[in-house]
Structure formats: structure tokens, C-alpha cells
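Colleague: Sequence unavailable; structure follows:
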């Protein structure tokens, strides 16, 4: 999808046929592509596609050659058609009252098999540890008594829910779906940027992006050994079924959504439909005899598993916020009674706290006896006096974030900040050290994005998803998010971000799964 | 299916049908907008349209006269009329939006586009483009919606609730429309065998069955009774009361067969009773007898609607007075 | 248990009347005491009218929580907790650690970790500049041990805040209490807790019943505080009645603040609450 105004023009024209301006058709078609990429300068950042200008990395080589056969106007036309598809199917998110599509860039982001294997095993390791951590802090708290993590840190985490101490989730599984955000720095190393266990979103885009790519850009897939993502909803469903209390065969699973006015409603509806489960809102459910029941035309049906896309605070007005109309009164008691499983479990939000993130490598060592396979971004905690000194001294080189911020707001990006902004953040940090962390700025890798009729490098990150039932399973690829504004590091959908289809390759020549 | 979803689909269909029927009533009144002497038609033509829409009380509270201008506005975009075409369309959209994933994308898209289009109309445009244009837009959009539903939807619970909503509304409104149309022609005491002029035929029946067709079948066919029979008792004419009730009954039967009602009484017997009233009435009444009969049909439809709601939608033991709010318990208990 | 033991028959009754009907009522009550150093529960039960099964569990603070649901339509809800409890005097405060060692211990990470919940700002104890300003007017530690200072502060809060029923609401912030200087026991408890926590003394909220035979109606619902004195343990203090805690103070629940010990909370659907009456009866049994 083409964000700047010029992009709109060529997209619109693309629908109708030959375009004006830079993209003159066919006589110079084959040259054009090279010309478009010839101006593409990877610069000093790690470029996902190019080792150097005009020299694609091995895993992009086939794609690069294949693109030469495509006239630029055709490429622009395809981009416009995908946007149309998103729009006409109502795949939009709501931002400040208007419906926006999440801009989609047609050039996939490719990850070679060996790198993916490394990411995959690192993610499985991390999610195992995080899950054990959740079980532990709402249980025996060994990590606290053994000094791995401080009780004060946990007590002051906004996601920490004291009510969760009385609940033992089935199979002791707490984190059924997580999105672990990864970034790659200029040395090419993958690092974990943050953990999202509370209510991770974006899985629908992973599936939908791939489906649309196959429809509109099927030629790109030729002879590419890509791991399929079509079964991602099934993987999630399996994880949810694992959570069913007492293991009834064929548990009744529902997806609890705040409803159509929630910005992510499209995703709720899509995932429910793909998983073959009922999409419900709070008032479709009622508690009777400490069980959860769903109101249907033929009466009440018992519910076994709730995949909830509602925050803890709003889940049960008796246990949490009394003014919530989104939840189910008495739901916590049903959890305590063990008659229903809620996924992800109440209280896992403590894992998302960016200050808790600092301890995760130690937690991996503690729970698994292993060294963390995935590196993290060096992070400082203001409530440590030494760290605070570093933060205040080096703020223009650091990224300062609120520990429970979401969506990219409340962030100071040191290198592009003004002195005034830094003063303001310094004030906030001093006043509320527990509420902030600071990280070294990572020169995020970049990838080519099609804007204004040619490719430009833009910063990207990656959100792979992990479904954890019996075992953690990583959904191949994940969501590559793109910061569409030049130089911007902010990739969130609500702030001008976009996405790409992500190809996790299998070992060359041994394509796993069907390629249609 | 979820009771809430079934209810939303039902009301989506009812609201769309209501908007369509209001449009048909308007078109008809508009066709008689000039009386026989060429003067603009008076309340005799316009008031029946208001009455048919069920808004007589609200209208008379807010307007001095039933004229083309006041009535057209009242029935199309007026804010004070909860059953204006705009209000019905917006409600349909709101209902559908909440259950979008139960509808084929084309259906939602059509409803959404229609609501957007109707939402953009101003009094100026109405005056400029005329009410026929609006009614045509509405008709076409609704044909698209119905067409998409029929072509794309599996005949499951969702489809049947849409159908029940559409046809129950149609049955109820058909009765009212016929009554109103009768008034437009004039309050003459008409005997069943009385001949009806082609333009009067058109006023009663609309464009569906051309007078020529009737007359070709039998020379003396254009009678008052024939018109009433077509609109009330014809089992093949899709806008008749009989046809509509038959479809409601079919769908309730299907829902029972699908186990959608559990073991509850769906009200199918009430529908059968109403249909039988239509079926067994011979000869069909006209004049004041007709009015009484049509009132009875409407009441029966209301009863059926209430019964359907309590059978399928009564998931919250909903309190219709609206005192039904979630409240905190013991909010003010402070300690000493 | 040491000291005098008071054996009490207690009845705590909440009577709610609705302007019309209520239904789909789901509630949690923290009205059942648990055994502890000062408390022994002989027998205690919670009854609900209209009749409903009551399910109990212990929350993270060890409070006994009673959960019940009344789905059907009702005009009135009565929740009654009653039984026999033995409540003892609190031993006098004594501490072997010298004063500066006590204050030093407050700063140790292990100590802070052990009492993390009771050192943080909680929903009703978000202290700020006004509490700080009030603290200026109140005694500073000045060589006293933590416990002695806590006792002194408790008396000082009692003097600084005018006991004024009706002036505050159930959710009046502690900053407002500090600036307006009036409130009831709940407000004084919150303020005292804030004053303790802001200097690193862990403090928690205690809800319970006060048996006062000198009054006409001997029982009342009451709130006081507990401070963690290094080297000694939790020590109860009452800013509303700054005197040594005896068996007359019957503990029911404890937590960070009122939100953690709310006697009765929940939701229902229907008409507003017309009237709420809470009566507490306490009677000494031999």
C-alpha cells in the first residue's frame, strides 16, 4: 500500500490501466526494474534484502530476478488491488473514529531457513520460561525467594493481578498465545525488543497477508520453499483446546470480544471464523452454578474455553473494574472453580512489563538451566541509581519508554528528540522511576518498500507469534511491521505503520507443506 | 446460534423491509400527487401514507398540514419520525454491523453503502432529485441485499431469521398499506363486484400486476375484490399477506427442524392461525369490513413477533422498560 | 494467643432494598474472620436472603472471601455474617533492635521485597504533595524506633483529622483527606498508611468490628491499620481511637487499602438501590 499522496495517485491510476508520470509502460519494462532498484541505497543500516546496492542476499535472489519480469505499473496495480481487497472486505481498524486499512507492502520479507531455525528455538525457549514464570509468581514464587526477580518489581507491575493467585489454569499453562517483538540491528543480530503476552494482536494479518499475496501475486511464490501459515488458526485452536478444563473431547471454545466498536474487531471476527469458534460479547455469556453459559436461540450451552480479547481489568466487574460492561460477572469464580479456562490466563500481563523484561534472561537460566538463545536490547532501569545516572547522562542516545505503554505512545527517541522533550522525559523518569525504562537505540534493519513508484528503504521489525498448548509452536514468519515514514522507527498500526508478508524459508529444495 | 445475533439479523431484515415499504407507499402517493383537476393533492392523498407508516400521532403533533412537502420529509429524513426511511436504514446498518460476520460480505457491503448513501441526502437534494430517485435507490439496494442473501447464504439459522424478519414485517405492513391505498382512492362504499378503474387498480396493487394482464385473463377481472384478493390472499404474489405468512411459517418450521428453538414453542401455530384466517375468508371483505380484517391481521402479526422474540431472543430476560442496567452493589458502604 | 481474650457473638447484617427489582446479582463478601495471632474463630457463617449457596476461598492476603449469586428477581438482599469469635489483646510493642538498626532494615531489599505490597501506592493510598505537606506538621522519627514513631504518628493523625461522618465518600482520595483534614475511620486509616509507606514503613489496612460496650449499640464496622515494625512484626494501631488495641478490635480482613477488604462488592441488573442498612451487633459471651 502506498502511503504518501503520490502513492495514492499511482495506485488509483493503476486500477484503470496505464499510468502517467514515472511509470511509463512496457517499452522500457525490463530496464525499469533495475533502474528502480539501482537508486535503492541500503545505506549504513542492515538491509534485509541487499548486501550492497544491486547485490541481493542469497535468500532474496530468486525474488529479485523474478521481479524483473514484472512491469512497475503492474506491480503498482497489484498493490492497489490488495488495498482494495482489504478495504472491501472491511479489514480495517478503527483509529480516532475513522476506518483505516493497515497498509500492506507487496514485497515480502524473507528470512532464510537457518536464521528462522535460530529464531524459532529461541522463541520456544523464551515462551517456556515466561510461562513457568507466570505459574511461579502466582504460585510458590520460587523465583522471588531465590532472588532472581524482586517482589517489589512484581507488586508494582500494572499487569499483576492478585486475584490470579487463587486460580490454577489447566495444564498449568498461562500463555497460550504470545507475540514476541524482534528487531535486527546493524550487526545483523536478532534481538528481542519486548514481550506481548497480555492480548497480542496481529495474527489475522499474518494469515490474511499471505492469502492476499497468493491471490494477487502468486507468481512470486514460484519455486520458493516457504513455510505455510494457513494453518496458524488451527495451531491457536489446538493451544486453546489444550487449555480445556478436565479435557472434554471437543471442548466448547468461544472468542470473547468487546464488540464491533473495538479497533481490533476485524481480527476477532476473522480468527473466530477461521478457528470455527463462536464470537461472543460479554452479554452473550452468563454464569450459573459457577459455570459459564452461552445464550443461544435454543437455550444455554456450557462454555469450556474462552479466548479473550479483553483486558483483565474488564473481564469481571465483581472481581475487577466494577464499571465494566464488557465482561461476565462471576467469571473469576468459574476460573477458581476450574469449570472454565480463560486464555491467556488472568495476570500474564505482568510479563509485558518492560522492566520485568530486564530479568528475562536470568529467568531463562533459572527455570530452564539454559543460556538464552536470543539476545535482548541493553536496557536500563531508572530505579537503579547507577542506571538512572546513565539514562540522564546519555538520554539523547537512548529510547525511553513507559513500562506499560502500548501502541508506541509515550516514547522518547533520543537521537531525534529536542532538548525540551528530553527535559520533559527526565522529569517524568525522576518522578516515577518505576514507570520507565531506557534502551540503547538499535539501528533497526531496513527493507525495500514500494512508495511513489519505486523502492525505498524503511525500518522494519518482526512480531512472530507462539501458540503454546502441549508444546510451544511458532507460527512461521510472523508479522513484519514497517515504519512507512522515512527515518521513522515507529511501526505501530495506529501511527503510520504498515506490514509485509513474511516468508520463513524451509531448507532449500525441501519445501515443507503445499505450495499452491 | 447466539440469541443476540439472531435478534440482530431479524431486526436488520425488519428495518430494511420497513424502509422499502415506506418507499413504496411514498411512490404511490406521489403518483397521485395531482388530483383530477390538476391541483396539488391534499391530505386525502398524503395523510394515508402517514397513517400507513404508523406515525399519525407524531406527525399531527409536529405538522399543521399533510402536504407533499411535510409528508415526504416526515417519511424520508425527519428526525422526529423513528420509522422514517433514513431511521430504518440506519438502524438496519447498526444491527447488521454488530453481526457482520454472520452475513456474506456482499450483503454487509450493500447495507453499508445504502446507509452511507441515504445518510448523505439533504433536503436540497430531495427537492432537486425528487423522492422517486430516492425510492429507486432504496429499491435497487434492497434488491441487491436480497439477491446477495439468496445467492450466497447457506439456508441455516441466520438465513431464516433474516427471512422471518423480512416477511413478518411485510405481512404486517401489507395490511396497513392496503388500507392506506384504499383511502387514497376514496372512501366510497365499494361492493366486492364493483369495477375498478385502471388507475385505481394501480393505486391498490402497484405496478406488480398490470391491469392489462388481469383483463386479458378475464374481461371483467378488474374488480375491487380481485385487487384485495391479490394483495391479501394470493399465495403466489410475493407481496401478499398470505405469501408472507407462508414464508414465516416455512422458516419457523425449518428452525424447529434444525433444533434452533430447543423445545420451546416457536409460535408457528399462531402463524398458521393467521394464515388460515386469510385463506378461509370468502368472499373477501371490502370497505369497513376490510379495515376491520386488516386491523386483525396486524394485531396477529404483532402477537407473532412478540412470541418469536420470547422464544428465540429472550436470553437476558430483557426488561423492556429499560431499567435493565448493570449496577455496582453496595457502592456507598463506607466504614466508620 | 496471649493477653485477655474476649469471646464475642457477632452479627453483621447488610440489608439492601431496591427501588423495584434486582436480578443477576453476583457478589463477593469479606465478612468472615480467619484464625490468627489475636483471633480464633469458633464458628462463623454467611447467610444470604434470598437463599443462595455461598462458596468461599482465601484471597492472596489470607482473607476468607464468600462468593454468591442471586440470579432471580428480588426486591431485597440481606447478607448476614454471624458466629462466635474469640479476640485477644495485642501484646505491647517491644523491640530488641536499636532504633537506627530498625530504620536501616527498612531500606534492605530483602525486607522491602518481603513486604512489597504494603510499601506501594495503592488505589486509595496514592500519596502526593498534600500528604507530604501534612507530614511536615507531624512528628518526625527523631531518634525514635519505628514502632514508637508509628504510635506517635497514629496519635498525631487523630489530632490532625477531625472525625466527621458524611464529609467524605467511599472513594475519597488520601490527598483530599490530607488537605481537608476531615473524614471517618476509613480515611484516617488510609492517611496513616500513606504516611507510613512514604517513609518506607510497610503498612496495611485492617477492617473489622469494634466492640464497645460503653456505646448504646455496642458493635460497629471499623477500620484501623497495621505497621510492620522491623525486628518485631505487624503491630496494629487505630488512628480513630489511638489507644492500645485489645480484644475489642475484632479483625476480619486485611489488605493494602479499602479496595482489598471491601465487605460487600458486586454487580446486579435492575433498579437503583433505594436503601442500604448495615447493622453490627457484638455481645460478649462468657
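Modeller: On my side now, so go ahead. None of these values were measured; they are calculated from a predicted model.

Colleague: so where's chain A shaky on pLDDT?
Modeller: Along chain A, the model assigns pLDDT under 70 to residues A:1-36, A:38, A:89-90, A:92-99, A:247-248, A:406-409, A:489-495, A:508-516.

Colleague: Looking at it, which helix is longest?
Modeller: Determined from DSSP state H, the single longest helix within chain A is helix A:113-137.

Colleague: just checking, what packs against that one?
Modeller: Judged by 3 or more CB pairs under 8 Å, 6 or more residues apart in numbering or on different chains; DSSP states H and E, the packing partners of helix A:113-137 are helix A:142-145, strand A:177-184, strand A:190-196, helix A:360-368, strand A:465-468, strand A:472-474. All C-beta spots, glycine's among them, are computed from the backbone N, C-alpha and C.

Colleague: Please indicate which of the ones you listed has the most neighbours on average?
Modeller: Mean neighbours per residue, mean count of other CB atoms under 10 Å in any protein chain shown, is largest over these for strand A:465-468, with a mean of 26.

Colleague: Tell me which stretches of chain B form helices.
Modeller: Along chain B, the segments classed as helices by DSSP H run B:3-31, B:43-52, B:56-62, B:68-76, B:85-98, B:105-119, B:123-152, B:157-185, B:198-205, B:211-217, B:224-228, B:241-257, B:268-280, B:288-308.

Colleague: Which of these sits closest to chain C?
Modeller: Set against chain C and scored by CB to the nearest CB, the helices of chain B come closest in helix B:3-31, at 15.5 Å.

Colleague: so how far is the closest one from its chain's centroid?
Modeller: 5 Å (CA atoms, centre = their mean, to the nearest Å).

Colleague: do that helix and chain C meet?
Modeller: No: Helix B:3-31 is not in contact with chain C by CB under 8 Å from any CB of the partner chain; minimum separation 15.5 Å.

Colleague: got the angle between that helix and helix B:123-152?
Modeller: With axes from the mean of the first three to the mean of the last three CA atoms, to 10 degrees applied, the angle from helix B:3-31 to helix B:123-152 works out at 130 degrees.

Colleague: touching chain A at all, helix B:3-31?
Modeller: Yes: Helix B:3-31 reaches chain A (CB under 8 Å from any CB) through B:3-4, B:6.

Colleague: Now residue 281: phi and psi?
Modeller: Going with chain A. Main-chain torsions, residue A:281, degrees, to the nearest 10: phi -110, psi 170.

Colleague: Chain C is the one I meant
Modeller: Here residue C:281 shows phi and psi, under degrees, to the nearest 10, equal to phi -120, psi 130.

Colleague: That one contacts residue C:81, correct?
Modeller: No: using CB atoms under 8 Å, residue C:281 makes no contact with residue C:81, being 11.1 Å away.

Colleague: which residues are common contacts for those two?
Modeller: Common contact partners of residue C:281 and residue C:81 (CB atoms under 8 Å, 6 or more residues apart in numbering or on different chains): C:10-13.

Colleague: Please identify, among those, the one with the most neighbours.
Modeller: Ranked by neighbour count (other CB atoms under 10 Å in any protein chain shown), the shared contacts of residue C:281 and residue C:81 have residue C:12 at the top, with 26 neighbours.

Colleague: Which residue, other than its chain neighbours, is closest to that one?
Modeller: residue C:81 (4.6 Å; CB to CB, 6 or more residues apart in numbering or on different chains).

Colleague: Could you check how many residues crowd around residue B:285?
Modeller: 16.

Colleague: Could you do residue B:295 as well?
Modeller: Neighbours of residue B:295 (other CB under 10 Å): 13.

Colleague: Now the phi/psi pair for residue A:402, please.
Modeller: The phi/psi pair for residue A:402 (degrees, to the nearest 10) is phi -70, psi 140.

Colleague: That one and residue A:107, how far apart?
Modeller: According to CB to CB, to the nearest Å, residue A:402 stands 33 Å off from residue A:107.

Colleague: Over to residue C:76. Which of the three states is it?
Modeller: Applying DSSP: H, G, I helix; E, B strand; the rest coil to residue C:76 yields a three-state assignment of strand.

Colleague: I'd say it and residue C:17 touch.
Modeller: Yes: using CB under 8 Å, residue C:76 is in contact with residue C:17, at 5.1 Å.
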